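Asker: A structural model of the following input is requested.
(2 chains)
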Number of protein chains: 2
Amino acid sequence: MEFSSFLTSLATSFVIFAVLMLLFTWLSRRRGNAVVYYPSRILRGHNPFEDRRRSRSPIAWISEAFNASEADIVAAAGVDAAVYLVFLSSVLGIFVLSGIILLPVLLPVAATDSGFKTAAESNSNATFNDLDKLAMGNVQAKSSRLWAFLAANYWVSIVTFYVLWKAYKHVSDLRATVKINSEWKPEDFAVLVRDIPFDSQGLGKEEQVDSYFKALHPNTFYKSMLVTHNKKAIKIWLELKGYKKKLARAEVVYADSKTTSKPEGTRPTNKTGFLGLLGKKVDTIDNCKEKIKELATKLGVEQKGSLRDKQRVAALVFFNDSKAATSASQTLHARMVDTWTVTEAPEPRQLIWENLTKNFYERQIRQYAVYGVVFLTIVFYMIPIAAISAITTLKNLRRYLSFLKVIVDKKVVSTILEAYLPQLALIIFLALLPSLLLFLSKEEGIPSQGHVIRAASGKYFYFIIFNVFLGVTIGGTLIASLKTIINQPKKIVNLLADSLPQNATFFLTYVALKFFVGYGLELSRVVPLIIFHLKKKYLCKTEDEVKEAWAPGDFSFATRVPNDMLIMTIVFCYSVISPLIIPFGVIYFGLGWLIARNQALNVIVPSHETYGRMWPHMHSRILAALIIFQVLMFGYLGLKKFVYAFLMVPIIIVSFIFVYACNKRFYKSFYYTPLEVANKDSKDIPNLESLYVAYVHPSLIPEKPDDVDHFEDVQTNVSAKESV
Amino acid sequence: MEFSSFLTSLATSFVIFAVLMLLFTWLSRRRGNAVVYYPSRILRGHNPFEDRRRSRSPIAWISEAFNASEADIVAAAGVDAAVYLVFLSSVLGIFVLSGIILLPVLLPVAATDSGFKTAAESNSNATFNDLDKLAMGNVQAKSSRLWAFLAANYWVSIVTFYVLWKAYKHVSDLRATVKINSEWKPEDFAVLVRDIPFDSQGLGKEEQVDSYFKALHPNTFYKSMLVTHNKKAIKIWLELKGYKKKLARAEVVYADSKTTSKPEGTRPTNKTGFLGLLGKKVDTIDNCKEKIKELATKLGVEQKGSLRDKQRVAALVFFNDSKAATSASQTLHARMVDTWTVTEAPEPRQLIWENLTKNFYERQIRQYAVYGVVFLTIVFYMIPIAAISAITTLKNLRRYLSFLKVIVDKKVVSTILEAYLPQLALIIFLALLPSLLLFLSKEEGIPSQGHVIRAASGKYFYFIIFNVFLGVTIGGTLIASLKTIINQPKKIVNLLADSLPQNATFFLTYVALKFFVGYGLELSRVVPLIIFHLKKKYLCKTEDEVKEAWAPGDFSFATRVPNDMLIMTIVFCYSVISPLIIPFGVIYFGLGWLIARNQALNVIVPSHETYGRMWPHMHSRILAALIIFQVLMFGYLGLKKFVYAFLMVPIIIVSFIFVYACNKRFYKSFYYTPLEVANKDSKDIPNLESLYVAYVHPSLIPEKPDDVDHFEDVQTNVSAKESV
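Answerer: Numbering: from 1, shown residues only, chains lettered A, B, ... in the order given. Model prediction:
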């Protein structure tokens, strides 16, 4: 890529960014848009425009985001958001500290050498541009200048170790502090019990669980809740919810139709058949009311039935003391691991009910099956895309879908289609990938949403590193030299190292595009804004529907974190080869940090809380990126025929030791809740019954308000009946 | 080796065995030898000769050993001995089941082929004997007869899986049953706490531990015992014990000297200087009494001092409930793993006090340092031996120790020395190895004796497999073809497989020698018998000294198990190549099982109890041997140019899956005590104070019997003082 085209691309991106920033400043100050730009504040009961402390200057959001304390972030968006910000600021710190030394040292060292000039003289085909001159490629082979680049690797590594160690300690403290100081949560008193064995004495499942835990925890056992097979109840409950929504909507429509000219209004009607297009025409309001009554009765029957007869092999067990629950969750209960598996209970809102009842062996098998599928997806994902591309060529389209001939034969259309059809397959596949990975991770049998997201994020990271980074870098070269590689596998590092510098400019552009356009879109929220306004105008009738239309959602860590990781890996790998990339990395993570803080304070509403369980994954992947970088540099220094390249080996070994040491020292307290942290003696024990009810699935909560004790009744009935 | 010399060696071994058996039958019936042949029974209060149920027939011990139930074994020698017997019987079972199919199938298949005949015809140098004809070597390359050998591998593998799965289940049940049904033990109520952090509030260590555990276990914490720095007290205590022994001995000597001819007797005297050879001559009885008095006072002072001022960073914490202790030992207490490490408490008699206070980082570093040393020892152990051999040649001896010239120059002496000097170094080194490995394992910072033995046994296993088995098998061939190996490392399997059949007869002889002579010696206890009688006659004066002379000791698992493993590995590896080895394996493990049962019932007195924690190690090493066997067979079938040799790959993969599955399913309940097992509700809680006192180091127990509450007093004093 020429230097000029690089500048053009950079300038274009920047213009887009500037436009989006202006849009944000203008749009976010309009009252009607408040629900799009400040949904988190609104849901927490603040009015963003009446808050006296908030300045109305266009750059007020920057100082606000910058000055917010970590406690503010935790209060607004939870520990997970705060930990994500620690991740961004750690990477930012690493790049700033690296850049301070690398830029003033390596740029002059590289620029004053003449590697490219020599290459150009001896080979007239060699091309190089002004940017390349500032990179390691311009240093001649065997030059003693390479010492500076070797030392730079050490500097980057040591800076990374220092920042990550401090960050891990900080996150660990944050996690513990927030947990200790937070209010009592239902999950503090509960454990999740899976793989309840078949009882030979013919006890009911509930009795079996109760007697088992009463014997082992005589003073602290409170009660148990069996996971029931309530698919049918959920189905009815969802249907019921749908009709209630429809009823509310129909009533609003009916009320709106009562104009002065037609005071009696028009009662809305609909057809009962397929998609409301076929079947009998009925009065919507009457029909809905009737249906609701009918379903409520059905649900009531189903609820009683579920609780009584459909108890499955999993349960939530409640204790009257959080220390007892924590201790129990870490204690091996049964001799055989395939029975009575006891683990910490996830938050009620995170529970994936259908996974709870999967048994030990099923979970193991599913896990490995999913790993296999993911491995194949990562390695061979190019194949289905190529296949789809081949099928969806213009020629094939014409042959099989002959009615398209008229359109396809037009010159303009065919040009466009020919250019975009293959990419389309790639784009669709890439867009579907996160959902696919989330689905696969869920299929492993993981019991909580937070864990599924971590698992999916890990898979996405491998995919992105393997396909985007390695794919682009070695790309064509690889296929050309496949034969060489198969014969001498160790050459792969050399090959990679060789193709790295050639792609430096490409990645500079990629990073710049990513932060200018990506962040611009994120901050300005143009897409959610348009969708919201369209929905509000044409679709939404009731207040609930409007609220649903602006529901902000949370940081989608499953895709966001791996994408940041990709940029981080790219910047790491080029930091020494072409130090000019460091400022881009700094801007990416600096801007990212600022915007993420703004989103955390104003927009994001977290759907669950894992108290930073994501951190160990982020930490180890930052180190994975560092090690990839070190190995590549080892190869590249070797290619430059630098005899001291072997001096890279010690730092690679130190990196592995650092991984091990951090894991050993910190990880356990992320995996288990330490007893110290579960001990909130200063706080009163809450009403245990309310904690218990928090875990009842909404479909099992009785419909009628006067029936509020019904659930309890059912429970008592069941026990009474079974003990007869 | 010729067939005739094999028979000669076999016959010689058998004669030795027969003689030793006769000796055993004769010697064990003499009343004076009872303490050597039945020490375990005597210590348990039985009189082996007055027990009516015991037959006096010479082979009575066989039926007795055979008929004893597992419960008898557990009662006599503990779970560890019972688990060792399960190990022997499992391997026996594997070989019997393998032999039933392999012998009648493979021997005819091999014998009716003519591989060696063809080889002999084409190459007059090739030699073969009748035994070789019965082995796989006699099958011609590419022959379809090799299918039988391939199938035999599958049969042996499947038999192993079946037997091991049942055995693991059995041991797991045994462990749990015995633990549940046993009396309360001090360790059931205690946990071991290490890495007590520095307290910034300036509390005393004991107060710090108490307040920490009281806060986290408010209802179940009983009290704590700080590990103290009592090296000095131990030293004084040992000295005191020595003088007491000496006094008792001197009094007996004095009483014996009062003969009728000299009624006043001779008061024994000794010199106080170096080894009793130099210094002032004193009256032994008076001197000892004086010293004992002096040391007892010193010890009393030291005891108080230890408890008060020398509290270290480790403690034993006691609970009033065993379930609470079990749960606490599995629960993460502190956020940082380098503080408040809580684990199960070992038995008091197993505790290695000096290791308790080693901190987290020290333990980590020591562990890896020891692994490094062991690795070097295993790989390079030949080098020091070669070096010593080189130095201790006759020529060098003559040169440096010229005073030996006169002896060395004699013909007979020089011949013998020349033959044995190099072996001597090897023998001494091999004899020292178990102690070295025990020492190294202890240096890792492991807190219990049982764990040290497991660790040493593991190290010894690697040593034995690497050096004895692989060493002998590839031995010379390896050095000759070192160049080939370095260039093509995968050829090492082929090389090994190639040299295996050549060594079949050697190993047949080795196994035979091992069981005939080894077991003969073990059963007849000739060596301990002679030592006991010599000691009794010439050295022992007091009753205690006699008792010490026949103290039987326990199974030394650290060396015994790896030696059995070596035989097992040899039999596994040759089972298909030369099935004739199977009967030898069957006899080795059958006889071993019988004799070990006899020893367990009559001889062994276990020094501690780990409830079969050794089993997972045995299990995984049996599987390691199986996998070595499978890989070698894969190589050997390849050498035979059998095109379906790749069919060995699936069974190797299945073996690894089996290892993983067993580990996953059973190991956790060996590593942790399941809460189910800690729950002995039917039994009354014992006196907690007595459990606590069981952990007091003997050197800290007050000397005078009227001072029995002294320890308690000291404790109270300390607490009182510190809380002021």
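Asker: residues of the stretch 51-200 of chain A that sit close to chain B?
Answerer: For the stretch 51-200 of chain A, the residues found near chain B under the criterion C-beta under 8 Å from any C-beta of the partner chain are A:172-173, A:176. Any C-beta I mention is one placed from the backbone N, CA and C, and that applies to glycine too.
Asker: filter those down to the buried ones, ChimeraX style.
Answerer: Here is the ChimeraX selection string for the buried members of these, based on 16 or more other C-beta atoms under 10 Å in any protein chain shown:
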select /A:172,176
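Asker: closest to chain B out of the residues of the stretch 51-200 of chain A next to chain B?
Answerer: Nearest to chain B among these, counting by C-beta to the nearest C-beta, is A:Ala176 at 5.1 Å.
Asker: circling back: dump the residues of the stretch 51-200 of chain A next to chain B to CSV, plus secondary structure and pLDDT.
Answerer: As requested, these are exported to CSV (DSSP: H, G, I helix; E, B strand; the rest coil; pLDDT from 0 to 100):
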residue, secondary structure, pLDDT
A:Ser172, helix, 92
A:Asp173, helix, 91
A:Ala176, helix, 90
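Asker: quick one: low-confidence parts of the stretch 251-400 of chain A?
Answerer: Counting by pLDDT under 70, the stretch 251-400 of chain A contains low-confidence ranges at A:273-277, A:279, A:305-309, A:382-400.
Asker: how long is stretch A:196-206 end to end?
Answerer: 10 Å (C-alpha to C-alpha, to the nearest Å).
Asker: and the contacts of it?
Answerer: Here stretch A:196-206 makes contact (C-beta atoms under 8 Å, 6 or more residues apart in numbering or on different chains) with A:208-209, A:211, A:224, A:226, A:311-315, A:334, A:339-340, A:718-719, A:722.
Asker: those in strands, which ones?
Answerer: Among the contacts of stretch A:196-206, the ones falling in strands (DSSP state E) are A:224, A:226, A:311-315.
Asker: neighbours of A:Ile100, how many?
Answerer: Using other C-beta atoms under 10 Å in any protein chain shown, A:Ile100 has 13 other residues around it.
Asker: export the ones in strands among the contacts of stretch A:196-206 to TSV and append columns for neighbour count.
Answerer: TSV is the format used below for the ones in strands among the contacts of stretch A:196-206 (neighbours: other C-beta atoms under 10 Å in any protein chain shown):
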residue	neighbour count
A:Ser224	23
A:Leu226	25
A:Gln311	22
A:Arg312	16
A:Val313	19
A:Ala314	24
A:Ala315	27
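Asker: so A:Arg597 makes contact with A:Ile62?
Answerer: No - contact criterion C-beta atoms under 8 Å: A:Arg597 and A:Ile62 do not qualify, at 9.6 Å.
Asker: quick one: which of those two has more around it?
Answerer: Neighbour totals were compared for A:Arg597 and A:Ile62, and A:Arg597 leads with 26 against 14 (other C-beta under 10 Å).
Asker: helix or strand for the nearest residue to the more buried one once chain neighbours are set aside, which one?
Answerer: Spatial nearest neighbour of A:Arg597, excluding adjacent residues (C-beta to C-beta, 6 or more residues apart in numbering or on different chains): A:Ala65 at 4.0 Å. For A:Ala65, the host element (DSSP states H and E) is helix A:60-67.
Asker: skip ahead from that helix and say which helix or strand is next.
Answerer: Once helix A:60-67 ends, the next helix or strand along the chain (criterion: DSSP H and E) is helix A:70-111.
Asker: contacts for stretch A:216-225 next, please.
Answerer: Against stretch A:216-225 from outside (C-beta under 8 Å, 6+ apart): A:189, A:193, A:206, A:209-210, A:213-214, A:315-321, A:324-325, A:328, A:333, A:688, A:692, A:695-696, B:219, B:323, B:675-676, B:679.
Asker: rerun at 7 Å
Answerer: A:206, A:209-210, A:213-214, A:315-321, A:324, A:328, A:333, A:688, A:692, A:695, B:219, B:323, B:675, B:679 (C-beta atoms under 7 Å, 6 or more residues apart in numbering or on different chains).
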